[in-house]
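**Student:** My questions are about this predicted structure, shown below with the sequence.
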Amino acid sequence: MKRIKVLLIAGLIMALLITGCGLSGNKSDNAGNNNVEDNKEQDNGDNNDESDNSAEKGSEEIYAAFLNGEKSAIAGDNVNGLTKDKEYTIDDMSASFNIEAEWYVVINKLDKIQYGIIDAGNDGEPELAVKFVYTNEDKTDFAEVMVILKNYSGTIKALLRTDTYYRTASTILTNGIVTYGGSNSAFEHSMEYRAIDKDGNVNYVCGIDSVYGLSKCIIPAGYFSTMLSGSDYPTVPELCVDSGDNGYIMQMIRTEPYDYANYTDEDFYEYGKKSLYYIFSDNQGEVFYEADSDYADYYKNKEIHVVPVADAPTFLEGIFAKYGLDASSAQAPEVAWKDLEY
């Protein structure tokens, strides 16, 4: 693997600090599946196997050594494809990550590795982002696996993994926010936000499932437990037919992560009472509405939380503020990727 000059890493760090000093957001918690869960506590760990005084080196040297294959990183909690507390070189990581795709899709050839610097928590201490790009035999399909690593006094820890493939896409922003989302249908889109704080904790901020073009302010079937909706409740296709420019948007906001693949209807009902909130707006997202009058009382009686019109414009801002983020944090620049020669 060709050596990465420390000066290049240092230059990336300086560029980030200069351009990022105005970025808002000091954070304090994981896309079809992002394969990462909440990581509320990070073990900084002790680097007992290093004999080169790496704890005294700057992060730029530590990260350059990892990119050069001279230093290993240990896996943190819930980094899919890696075993917690096991050490991995950059080559080990590239061989360990796998792509969860359809059974007939084989995307296992490493096409390139890229890297970049972020400043999670805007504390001036950089983190390293690495992107592994995989392809198939004839290079007609690609997938990306991205991982964020942090230097703890000479010990590098892998904090989070996130993937991009097919109809889903993930981005890493320079302030430590990680987005993951994609299209669920012609009318539906999902997005999740996670934020890494200055200590390396991975915070789940929220998930937003949006339905566009509703003809009425009704929550479609599938967006709350079937214990409540039943088989004759309106579906997305039924509610989104011929709505035209006069349609509505529904946003279902998840304030805690949830494993949809393994929920029961009862679980989902209980989860919804605590962690699901619904907002209705016009197609421009500028004017907000209450639930349709035929359904409003039903939602209230079943503890389905439709956010009042007065609270809707700032509801998401309040969620982000819990993690030291403001309205502009999710618009921070994406990490600037550079190719790693190997």
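**Tutor:** Right, received. Where do you want to start?
**Student:** Just after the helix or strand of the chain with the lowest mean pLDDT, pick out the following helix or strand.
**Tutor:** The helix or strand of the chain with the lowest confidence, counting by mean pLDDT, DSSP states H and E, is helix 6-20 at a mean of 65. Next along the chain after helix 6-20, taking DSSP states H and E as the criterion, comes helix 59-67.
**Student:** Figure out how far that following helix is from the centre of its chain.
**Tutor:** Centre-to-centre, helix 59-67 and its host chain are 25 Å apart (C-alpha atoms, centre = their mean, to the nearest Å).
**Student:** helices and strands around the helix or strand following that helix, which ones?
**Tutor:** Next along the chain after helix 59-67, taking DSSP H and E as the criterion, comes strand 73-75. Applying 3 or more C-beta pairs under 8 Å, 6 or more residues apart in numbering; DSSP states H and E, one finds that strand 73-75 contacts strand 87-88, strand 155-164. (Each C-beta comes from the backbone N, C-alpha and C, glycine too.)
**Student:** For strand 73-75, the averaged confidence score.
**Tutor:** Strand 73-75 shows a mean pLDDT of 98.
**Student:** What strands flank it, and is each parallel or antiparallel?
**Tutor:** Sheet pairing for strand 73-75, assigned by DSSP bridges, gives strand 87-88 (antiparallel), strand 155-164 (parallel).
**Student:** Reformat the ones you listed as JSON lines; add mean pLDDT and mean neighbour count.
**Tutor:** Converted to JSON lines, the strands paired with strand 73-75 look like this (pLDDT from 0 to 100; neighbours: other C-beta atoms under 10 Å):
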{"stretch": "strand 87-88", "mean pLDDT": "98", "mean neighbour count": "20"}
{"stretch": "strand 155-164", "mean pLDDT": "96", "mean neighbour count": "25"}
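**Student:** Export those strands to JSON lines and append columns for distance to Val236.
**Tutor:** Rendered in JSON lines, the data for those read as follows (distance: least, C-beta to C-beta, whole Å):
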{"stretch": "strand 87-88", "distance to Val236": "42"}
{"stretch": "strand 155-164", "distance to Val236": "25"}
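**Student:** For Tyr115, give its distance to Thr83.
**Tutor:** From Tyr115 over to Thr83 the distance is 23 Å, taken as C-beta to C-beta, to the nearest Å.
**Student:** what about the two, which has more around it?
**Tutor:** The neighbour comparison of Tyr115 against Thr83 (other C-beta atoms under 10 Å) goes to Tyr115, with 24 against 11.
**Student:** give me the low-pLDDT residue ranges for the chain?
**Tutor:** Along the chain, segments meeting pLDDT under 70 span 1-3, 5-7, 9, 12, 15-56, 100-106, 230, 242-245.
**Student:** all helices in it, in order from the N-terminus.
**Tutor:** For the chain, applying DSSP state H gives helices covering 6-20, 59-67, 90-96, 226-229, 236-239, 265-275, 293-301, 312-321.
**Student:** closest to Gly247 out of the ones you listed?
**Tutor:** Nearest of the helices of the chain to Gly247, taken as C-beta to C-beta: helix 236-239 at 9.1 Å.
**Student:** if we can go back for a sec, can you say which of the helices and strands packed on strand 73-75 is nearest to Phe142?
**Tutor:** So among the helices and strands packed on strand 73-75, strand 155-164 is nearest, using C-beta to C-beta, at 8.7 Å.
**Student:** then the closest one to CSV, C-alphas only?
**Tutor:** The C-alpha coordinates for strand 155-164 follow below in CSV (Å, rounded to 0.1, in the frame of the first residue of the first chain):
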residue,chain,number,x,y,z
THR,A,155,-5.7,3.7,20.1
ILE,A,156,-7.9,3.9,17.0
LYS,A,157,-11.5,2.7,17.5
ALA,A,158,-14.1,2.0,14.7
LEU,A,159,-17.2,3.7,15.9
LEU,A,160,-19.8,3.2,13.2
ARG,A,161,-20.4,1.6,9.8
THR,A,162,-22.9,2.8,7.2
ASP,A,163,-23.6,1.5,3.7
THR,A,164,-24.8,2.8,0.3
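**Student:** which of the helices of the chain sits most buried?
**Tutor:** Burial of the helices of the chain is given as mean neighbour count (mean count of other C-beta atoms under 10 Å); helix 59-67 ranks first at a mean of 23.
**Student:** My read is that Glu290 contacts Asp311, right?
**Tutor:** No: checked against C-beta atoms under 8 Å, the pair Glu290 and Asp311 is beyond contact range at 11.4 Å.
**Student:** More neighbours: those two, which one.
**Tutor:** For Glu290 versus Asp311, neighbours defined as other C-beta under 10 Å are more numerous around Glu290 (15 against 12).
**Student:** would TSV of the helices of the chain with distance to Tyr152 be doable?
**Tutor:** Output for these, formatted as TSV (distance: least, C-beta to C-beta, whole Å):
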stretch	distance to Tyr152
helix 6-20	17
helix 59-67	10
helix 90-96	18
helix 226-229	45
helix 236-239	46
helix 265-275	32
helix 293-301	47
helix 312-321	26
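**Student:** I am finished for the moment; much appreciated.
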